[in-house]
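Novice: Fold the stuff below for me.
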Amino acid sequence: MDSATQKTIVIIGAGPTGLAALKAVLDTPQCKAGLWKPIVFEARGSVGGVWLPEAPSKPDVPPATPLYDSLTTNLPHPLMCYSEFPFPPSTPVFPKASVVHAYLESYASHFGLKPYIMFNHPVNDLTHSSESSQWRVKSPSLTIQADLVMVCNGHYGVPRYPSTPGISDWLAKGKASHSMWYRHPPDPKLGWKTVLIIGAGPSGQDLTSDFLEAGYTVIHSTTGSPNVDLRNSKLKNRPRIKEYDPGFSTVTFEDGTQESNIDHCYLATGYEYSYPFLSRQTLSLKYPQPIPPLPTDLSNSTFSLFPLAQHIWPIQQQNTVNGVYPPTSLAFLGLLSRVSPLPLVQIQAKAVLHTFAHPQTLDLTVESVEIMNRYQELRGQLWGSSQVPSDLEQDENEAREIYKAWHRFEPMEQYDYRDHLSRMINLPDRVPDWHREMYEQKGLLRKTWVALEKSGEADEWVRGVGEGGKQEWVDLLRRLVERGQEDEKKYKDTEEDERSAKL
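Specialist: Next up, the predicted model:
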């Protein structure tokens, strides 16, 4: 065929999102007809992204992944898997990281994805060329021109540090470290007895559990936490920290209380969105101003990218030093948090490819209005009303809080979003009702599953499940919910009986 008619699609990253994007390209009639050519640039030696383990090598160099030894999924795998590729039968409901990585390897092999992936090829520059009207994609050993770039590099590669007074000195002294370097509690020979863990997210919760099980005293500091001691004072829940003492063993909390004799502090404080291969002309590093109007350039506040249509496409046609680029030629996938990621990025990838083929699908006027509406909705969620007094409408601090929450979805919002993208590209698929039903029960499901693992019943619960199809997993999740509800009722009944006996 005439090479001039062939379009090159570059995907940056071969983690869970990049794999979904690649398969979506391969499934298109354009690719099957030889009109689209996909190429994946992957910095590491295998697929898997954040699920591909790597041990930290240097204290001042972030490892390629924050994967720690005890990590399991925080969602049941029937909810989080690729829609057409379930986990194998009998897989634990909340599988370990090694099981997830094996699943991603299997996905790549089953659908023949690896021949399109260039491993050990990090992208170090992505620039739009006005001469070719294409994107120049550079790695240390290769430069190619691309018509569409799908950015799928994840957002767990750059640790986020708090700005609390004194923390920089603790970090420099080696008394504090980000959880990105954590793998397991240290050898008891080190002599540590008390650790301080910052953060209420999944990593903060997991590290707290790890150290408690290892016999440590854990001070767990989270925003808004009451000052409470549990487990015979082995677990000390505390509010946010006001200051780290220069003596490197004491901290002062926002309520004025202190804790001393701290051996080490772990900062489970999240990660920054980072795209070092994009120039400041394409992606500026700053907080956007309050809106309206929408900004004229694309910004990365490290908490979110703004403005993006549907959290994917740059909505502004920017007059950069390298020329104007169509918004449908650059797409950011997988930015959303608090979601079931794999099925979500699948529909994102399909939407990106549809709009690449049919640019008129992306109505920038409609998308601008949607962004304005979301801004007002978040304002209402954060402050109780979208009708903020006029003297606050241009307040930059308020805007910063909105941009911090921009890619963070409420529980059911992800499913409305997936259905919206399907309608946008004329797909009949809709999210099955059981996804919403089980996502609402994810906390109870995890609690029940952990209890089954501790009692030794878990393997029996999943033995053979999935051999007869996906519905078996749905039925199992519903049985787990029933079991969890029964256990909670028994616990409440026992508490009531004990209180009655005391009376």
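
Novice: ok, now how distant is Arg483 from Ser368?
Specialist: From Arg483 across to Ser368, the span is 48 Å (C-beta to C-beta, to the nearest Å). C-beta here means a position set from N, CA and C on the backbone, and glycine is covered the same way.

Novice: to the chain's geometric centre, what's the distance from the helix ranked longest in the chain?
Specialist: Longest helix of the chain, by residue count under DSSP state H: helix 470-502. Centroid displacement of helix 470-502 relative to its chain, using C-alpha atoms, centre = their mean, to the nearest Å, is 30 Å.

Novice: pLDDT below threshold where in the stretch 201-350 of the chain?
Specialist: 317-323 (pLDDT under 70).

Novice: Tell me where it has strands.
Specialist: 217-221, 228-230, 235-238, 241-244, 251-253, 258-259, 264-267, 284-285, 299-300, 305-306, 308-309, 313-314, 330-332 (DSSP state E, counting those that start in this stretch).

Novice: Mind giving me the packing neighbours of the longest one?
Specialist: To tie it back to what came earlier, the one meant is strand 217-221. If you count contacts as 3 or more C-beta pairs under 8 Å, 6 or more residues apart in numbering; DSSP states H and E, strand 217-221 packs onto strand 194-198, helix 202-213, strand 235-238, strand 251-253.

Novice: How about residues contacting that strand?
Specialist: Outside strand 217-221, the residues within contact range by C-beta atoms under 8 Å, 6 or more residues apart in numbering are 193-199, 204, 208, 211-212, 233-241, 251, 253, 259, 262.

Novice: which residues touch the residue most central in space within the chain?
Specialist: For the chain, Ser337 is the residue whose C-alpha lies nearest the centre (C-alpha atoms, centre = their mean; 4.9 Å). By C-beta under 8 Å, 6+ apart, Ser337 lies in contact with 407-409.

Novice: still on that earlier bit, how about the helices and strands packed on strand 217-221, which one is nearest Trp313?
Specialist: helix 202-213 (29.1 Å; C-beta to C-beta).

Novice: Show me how far the closest one is from its chain's centre.
Specialist: 19 Å.

Novice: got the buried residues for it?
Specialist: 203-208, 210-212 (16 or more other C-beta atoms under 10 Å).

Novice: tell me the angle of it relative to strand 194-198?
Specialist: On the basis of axes from the mean of the first three to the mean of the last three C-alpha atoms, to 10 degrees, helix 202-213 is oriented at 170 degrees to strand 194-198.

Novice: relative to strand 217-221, how tilted is helix 202-213?
Specialist: Using the same axes, to 10 degrees: helix 202-213 against strand 217-221 is 160 degrees.

Novice: Just the CA trace of helix 202-213, in CSV.
Specialist: Written as CSV, here are the backbone C-alpha positions of helix 202-213 (Å, rounded to 0.1, in the frame of the first residue of the first chain):
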residue,chain,number,x,y,z
PRO,A,202,-4.6,2.3,50.4
SER,A,203,-0.8,2.4,50.9
GLY,A,204,-1.0,4.1,54.2
GLN,A,205,-3.5,1.5,55.4
ASP,A,206,-1.4,-1.4,54.1
LEU,A,207,1.8,-0.2,55.7
THR,A,208,0.0,0.3,58.9
SER,A,209,-1.3,-3.3,58.8
ASP,A,210,2.2,-4.6,57.8
PHE,A,211,4.0,-3.0,60.7
LEU,A,212,1.3,-3.9,63.3
GLU,A,213,1.5,-7.5,62.2
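
Novice: packing partners for that helix?
Specialist: Secondary elements touching helix 202-213 (3+ C-beta pairs under 8 Å, 6+ apart): strand 194-198, strand 217-221.

Novice: quick one on the thing from earlier: for Pro276, which of the helices and strands packed on strand 217-221 is the nearest?
Specialist: helix 202-213 (23.2 Å).

Novice: Enumerate the positions of stretch 81-96 that are buried.
Specialist: 81-82, 85-87, 91-95.

Novice: What is the nearest of the residues you listed to Pro288?
Specialist: Distance to Pro288 across those (C-beta to C-beta) is lowest for Tyr82, with 33.4 Å.

Novice: which residues sit in contact with the closest one?
Specialist: Tyr82 neighbours (C-beta under 8 Å, 6+ apart): 20, 107, 342-343, 346.

Novice: Tell me the one of these nearest Lys175?
Specialist: The closest of the contacts of Tyr82, once distances to Lys175 are taken by C-beta to C-beta, is Leu342, at 38.1 Å.

Novice: what's the burial count for that closest one?
Specialist: 23 (other C-beta atoms under 10 Å).

Novice: Could you do the one 5 residues further on as well?
Specialist: Other residues lying near Ile347 total 23 when counted by other C-beta under 10 Å.

Novice: Roughly how far does it sit from Pro162?
Specialist: Taking C-beta to C-beta, one finds Ile347 at 35 Å from Pro162.

Novice: re earlier: what's the farthest-apart pair in the contacts of Tyr82?
Specialist: Between any two of these (C-beta to C-beta), the greatest distance is 12.9 Å, for Tyr107 and Pro343.

Novice: Show the secondary-structure elements that the helix or strand where Lys447 lies is packed against.
Specialist: Secondary structure from DSSP states H and E places Lys447 in helix 442-455. Here helix 442-455 touches helix 458-462, helix 470-502, going by 3+ C-beta pairs under 8 Å, 6+ apart.

Novice: hmm, 10 Å instead?
Specialist: helix 77-80, helix 433-439, helix 458-462, helix 470-502 (3 or more C-beta pairs under 10 Å, 6 or more residues apart in numbering; DSSP states H and E).

Novice: Mean neighbour count, the ones you listed: which tops it?
Specialist: Mean neighbour count, computed with mean count of other C-beta atoms under 10 Å, is highest for helix 77-80 among those, reaching a mean of 22.

Novice: Can you give me the buried ones in the helix or strand following that one?
Specialist: As assigned by DSSP H and E, the chain's next helix or strand after helix 77-80 is helix 97-110. Under the neighbour-count criterion of 16+ other C-beta under 10 Å, helix 97-110 has 97, 99-105, 107-108 buried.

Novice: and the helix or strand that helix 97-110 is followed by, which strands flank it?
Specialist: Using DSSP H and E, the helix or strand that follows helix 97-110 in sequence is strand 117-118. Using DSSP bridges, the strands paired with strand 117-118 are strand 36-41 (parallel).

Novice: and the partner strand, what's its mean pLDDT?
Specialist: Per-residue pLDDT values across strand 36-41 average out to 98.
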